[in-house]
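> Got a predicted structure here, sequence first:
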There are 2 protein chains.
Amino acid sequence: MKTKIIDPTQSAYNYPLLLKRLLLSGGRYEPNREIVYRDQTRYNYATLKERICRLANLLVKAGVKPGDAVGVLEWDSHRYLECMFAIPMIGAIIHTVNVRLSPDQVLYTMSHADDTLVLVNDEFLPIIEGIHDQLKTVTNYVLLSDNKNAAVPDKLPFLGEYEQLLAEADSHYDFPDFDENSVATTFYTTGTTGNPKGVYFTHRQLVLHSLVIAQALGTLSGHDLMKSSDVYMPITPMFHVHGWGVPYAATMLGAKQVYPGRYEPEMLLKLYMTEKVSFSHCVPTIMFMIVQAAKANNIKFDNWKVLIGGSALPKGLAVAAREVGIHLNGAYGMSETCPLLAVAYLNDELQALNPDEQLNYRIKTGIPSALVDLEVMDENGKLLPHDGKSVGEIVCRTPWLTQGYFKEPEKSEDLWQGGWLHTGDMATIDQLGFVQICDRMKDIIKTGGEWISSLDLENLLSQHSAIAEAAVVGIPDNRWGERPFAMLVIEKDQTATAETIKQHLQKYVDTGEINKWAIPDRIEFVEAIPKTSVGKIDKKKIRADIE
Amino acid sequence: MKTKIIDPTQSAYNYPLLLKRLLLSGGRYEPNREIVYRDQTRYNYATLKERICRLANLLVKAGVKPGDAVGVLEWDSHRYLECMFAIPMIGAIIHTVNVRLSPDQVLYTMSHADDTLVLVNDEFLPIIEGIHDQLKTVTNYVLLSDNKNAAVPDKLPFLGEYEQLLAEADSHYDFPDFDENSVATTFYTTGTTGNPKGVYFTHRQLVLHSLVIAQALGTLSGHDLMKSSDVYMPITPMFHVHGWGVPYAATMLGAKQVYPGRYEPEMLLKLYMTEKVSFSHCVPTIMFMIVQAAKANNIKFDNWKVLIGGSALPKGLAVAAREVGIHLNGAYGMSETCPLLAVAYLNDELQALNPDEQLNYRIKTGIPSALVDLEVMDENGKLLPHDGKSVGEIVCRTPWLTQGYFKEPEKSEDLWQGGWLHTGDMATIDQLGFVQICDRMKDIIKTGGEWISSLDLENLLSQHSAIAEAAVVGIPDNRWGERPFAMLVIEKDQTATAETIKQHLQKYVDTGEINKWAIPDRIEFVEAIPKTSVGKIDKKKIRADIE
């Protein structure tokens, strides 16, 4: 054949992969399925599309141009979903601002991303009022509020209140085609040192990610985490890696979607019951809170399916969740990866195991999803065997990885070495293909020339009946280099001492699961473990507080 | 953001959408699921991958270069599946030769596609022996046979027998990355006039098509046509639009796959039972044969899910299939479209209907799948409203349409007008989004200034208890321009006359479903209705035989 390679952009049949395709698909299948916001707002997919058209007209009238960044400071809502489509669909870039950062960091990220228009929930007005004078690129604001008659602050250049502006805007918009490699989204990830770093994703990346999310959650046997008929409620903030990309996939499928605003346990439980929520996703610490609340209030769930990511899923938590009717599956990804890389998927043989044995696989980091290349690599850049023993850094290639850190060429080079994205996670891959994270590279504890996984220790500690939550870090030690330190939260009505905890760990030394030097010298009992802005255990803070 | 558009091909993170990704994904999930060929061969996904590596080494050793076309003449088999991956994965193009064409047409297509190496099932050796002298581009052959000790013909340049050559080849192959817009597959579609026309599809197109096939068949609610846990057996030849693309999607999912070779009713039924087949797809005429065979042998199926495409699905057939335990869903596509465009999908409201009412929607042409733009257009290029009444030609845009007819610039221009692929099918789209084909443009009957749909008439005729199969065409008429002519196959043990048939149709005139001029003047009873090489009713032949 002469025409071996086709240039699709040069042809009448050019059909770029754009986010608008996902929106059109869902509404076509299930025009009457609902988008629900707390106990305040509900509307169907036809209205979602109309509101997105109105928002597009609002944005264009406000002067937003293709390539401009539009900042959003908001809790999880139907408004956020509308922004996630309308802003990229006119060719602009949505900057999902992390509202849990300090005002200084919010200022840094909004300036760094060159935000022009900013949509802000009235709850975050104090932040904006404090930094507005230093926000050189921002020209206008739109107020997001649950109160339709909210007063628009007159000190700042506000165009008006969202609902009123939508009502005034035209309900039709002809969304254009453009290059699928145009950037659609950006947000900032906080590292252990230095300023937050901006990652960014294109339309093509988000469309491919949505197609594979739908497959990974929907068509793999024996799991059925999220199908079109499920009712989806995120419990991972939408500003955090696009709510793990699930709002885009759920919209493509035409699934019912429930947005809970700020995460308050009562509202989450109420929405679970009134809206018949069947699928959610969150980090372990949030699941821990939900399980505690359910136990305290004697609540049983009806097989609520929840995907756990962001940190390793401790077995103790998976067991406790099962007792209250929540079915957990591990998953893996990070801000730099859009995020989906792997889901704990049980094949035919593993599904034949008893539920307890199955749980050992459900809590694993997962099996790489379709279109994902994932390997473990040693410090010399050699790929390691899939033997369940060789520990190396997880490196990956997929079509949906950030192509660098925005305006940070050096850090981008560190992220991408030899054509692989380097995750900074240490892991093994076993013969079945299961990835198992041992630790973050920076969290692994080096003691007397040996490596101890802080995650392994946390997992074993979590299986002690008195322990509600555990964090382990390495602390400097003159003799051994580092020694493990454990910070524990004890269940109400339970007691434990450093001695009983050490005895619990000794059992695992006896069975050979850990070495004796893995038992922490220091154990501290606390009311709560420090968390980062996205709800992960803040090991940087724990280490800093000790020293 | 400065970096608005990213050129992924210029970067370390370039990750083209290639068919090898689908193969790697399935084997990762379910290494022990089987690929089965008749009652002869079975192996798992790990072996599939190894055999594809061996085949790649065989191809390269035989001199196949990127861009070369490799012809395959074969019934549905594990060997065909291996070719569908290995040939494109080395950058070459698989030409799936339509073995039901006449030897002259086979010669035309193989010469036109510039086939170099040809893999041929021993059943088709007589064709090849007859045309070899005229096949100027073919350099070598490989023999495909169910008999491992098959004698390789010594008159033609045969490299050897497939299994023996695979056994000699190295079991490792490092499949390269290359441009995702490289052509991967080609085959020929037979029109009503002139030579067969070559269509072609790229790696990118086939990967996107597979992702959407998996979603359309797997995650949409209440249907679950094919999930990873299903057992898949095609009953549409693999040479016909890649077996509708389902072998690629099934491999990506890691589903068990059963290949029946040539379609013999006894073998199909045996494989259904021994392998526990749960999902298949075929054209109405094949389903008609299966239902007849089941009725004759008193066989009941256990909710066998079958997708019907290629021609409209008559309600009478759907009812008859349901009676023997086969659950049918309509779908729509064609050779030029890879093929998926639409699947009859029942939303929440339609699923609440009783089974009989549901059937009226299940037999529809379908709702366009994700990433598919589909409209009906009038003769002036105007898109028509979705009102269930306005009849126009179906035009579409999706990422997986053939970009023309190979070496046929004029016909390619006719296919692509104004940025839309023109299907030649006349249809309506209703308020629910259901597409309903009225007829092929060339089959619609124009009588006295009115249009009669031959498909509508066939559908109503199929609901007469004595009618097993019906075909309707327009025949020239001096007074009215054209008049409908019906050709009917009567069920065994049943009788009918032209008069009773006309009375049957008169009922639909009375209820307003058709106009009285739609009742055919001429009705002919036959043993069998002429079929094309892919099993569709051959209206061209019916018309020619009448005249």
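Yes, it's here.
> Against which helices or strands is the helix or strand hosting A:Leu374 packed?
Assessed by DSSP states H and E, A:Leu374 sits inside strand A:373-377. Packing partners of strand A:373-377 (3 or more CB pairs under 8 Å, 6 or more residues apart in numbering or on different chains; DSSP states H and E): strand A:392-397, strand A:420-429. Placement of C-beta: from N, CA and C, glycine included.
> which residues are contacting the helix or strand of chain A with the lowest mean pLDDT?
In chain A, the helix or strand scored least confidently by mean pLDDT, DSSP states H and E is strand A:450-452, which has a mean of 78. For strand A:450-452, contacts defined as CB atoms under 8 Å, 6 or more residues apart in numbering or on different chains pick out A:Val391, A:Cys438, A:Ile444, A:Ile445, A:Lys446, A:Gly474, A:Pro484, A:Ile514, A:Asn515, A:Trp517, A:Ala518.
> count of neighbours near the first one?
Burial of A:Val391, expressed as a neighbour count using other CB atoms under 10 Å in any protein chain shown, amounts to 16.
> And for the last one?
Per other CB under 10 Å, the neighbour tally for A:Ala518 reads 23.
> mind pulling up the phi and psi values for it?
Phi and psi for A:Ala518, reported as degrees, to the nearest 10, are phi -80, psi -10.
> now it: how far from chain B?
Per CB to the nearest CB, to the nearest Å, A:Ala518 is found 32 Å from chain B.
> The helix or strand encompassing A:Lys20 and chain B in contact?
For A:Lys20, the host element (DSSP H and E) is helix A:19-29. Yes: for helix A:19-29, a contact with chain B is found by CB under 8 Å from any CB of the partner chain, at A:Arg21, A:Leu22, A:Leu24, A:Ser25, A:Arg28, A:Tyr29.
> Just give me the closest of those residues to chain B.
A:Ser25 (4.0 Å; CB to the nearest CB).
> Leaving out sequence neighbours, find the closest residue to that closest one.
Spatial nearest neighbour of A:Ser25, excluding adjacent residues (CB to CB, 6 or more residues apart in numbering or on different chains): B:Ala370 at 4.0 Å.
> for that neighbour, what are its contacts?
So B:Ala370 contacts A:Arg21, A:Leu22, A:Ser25, A:Leu211, A:Met252, B:Val212, B:Gln215, B:Ala216 (CB under 8 Å, 6+ apart).
> How about A:Leu23?
So A:Leu23 contacts A:Leu48, A:Lys49, A:Ile52, A:Phe85, A:Met89, A:Thr251, A:Met252 (CB under 8 Å, 6+ apart).
> circling back to that earlier point, between the helices and strands packed on strand A:373-377, which gets nearest to chain B?
Closest among the helices and strands packed on strand A:373-377, using CB to the nearest CB: strand A:392-397, at 5.4 Å.
> next helix or strand past the closest one?
helix A:409-415.
> coming back round to it: filter the residues of helix A:19-29 next to chain B down to the buried ones.
Buried subset of the residues of helix A:19-29 next to chain B (neighbour count, 16 or more other CB atoms under 10 Å in any protein chain shown): A:Arg21, A:Leu22, A:Leu24, A:Ser25, A:Arg28, A:Tyr29.
> Closest one of those residues to A:His78?
A:Leu22 (16.2 Å; CB to CB).
> Find the nearest non-adjacent residue to that closest one, please.
According to CB to CB, 6+ apart, the nearest residue to A:Leu22 is A:Met252 (4.0 Å).
> That neighbour: which element?
Using DSSP H and E, A:Met252 falls in helix A:246-253.
> And A:Asp170, by the same measure?
Applying DSSP H and E, one finds A:Asp170 in no helix or strand.
> Chain neighbours aside, what residue packs nearest to A:Pro153?
Nearest residue to A:Pro153, sequence neighbours excluded (CB to CB, 6+ apart): A:Leu125, at 6.3 Å.
> How many neighbouring residues does that neighbour have?
19.
> and what of A:Asp493?
A:Asp493 has 6 nearby residues by other CB under 10 Å.
> swap in A:Val258?
24.
> give me phi/psi at it?
Torsion angles, degrees, to the nearest 10, at A:Val258: phi -120, psi 120.
> Pull the contacting residues for it.
A:Val36, A:Val231, A:Tyr232, A:Met233, A:Leu271, A:Glu275, A:Val277.
> And for A:Val343?
With contact set as CB under 8 Å, 6+ apart, A:Val343 has these partners: A:Ala216, A:Leu217, A:Leu220, A:Leu225, A:Leu307, A:Asn329, A:Gly330, A:Ala331, A:Tyr332, A:Gly366, A:Ile367, A:Ser369.
> Just the buried ones among those residues, please.
By 16+ other CB under 10 Å, these give A:Ala216, A:Leu217, A:Leu220, A:Leu225, A:Leu307, A:Asn329, A:Gly330, A:Ala331, A:Tyr332, A:Gly366, A:Ile367, A:Ser369 as buried.
> Which of those residues sits closest to B:Gln463?
Looking across the buried ones among the contacts of A:Val343 and measuring by CB to CB, the closest to B:Gln463 is A:Leu220, at 40.0 Å.
> Name the SS class of A:Val118, please.
When classified by DSSP: H, G, I helix; E, B strand; the rest coil, A:Val118 comes out as strand.
> which residues does the residue nearest to it when sequence neighbours are not counted bridge with?
Nearest residue to A:Val118 in three dimensions, chain neighbours excluded: A:Gly71, at 4.1 Å (CB to CB, 6+ apart). Beta-bridge pairing for A:Gly71 (DSSP bridges): A:His95, A:Val118.
> separation between A:Gly71 and chain B?
Going from A:Gly71 to chain B by CB to the nearest CB gives 12 Å.
> so that residue sits right up against A:His112, yeah?
No: A:Gly71 is beyond contact range of A:His112, at 11.1 Å (criterion: CB atoms under 8 Å).
> More neighbours: which of these two?
Higher neighbour count among A:Gly71 and A:His112: A:Gly71, with 29 against 21, using other CB under 10 Å.
> Brilliant, that's me finished.
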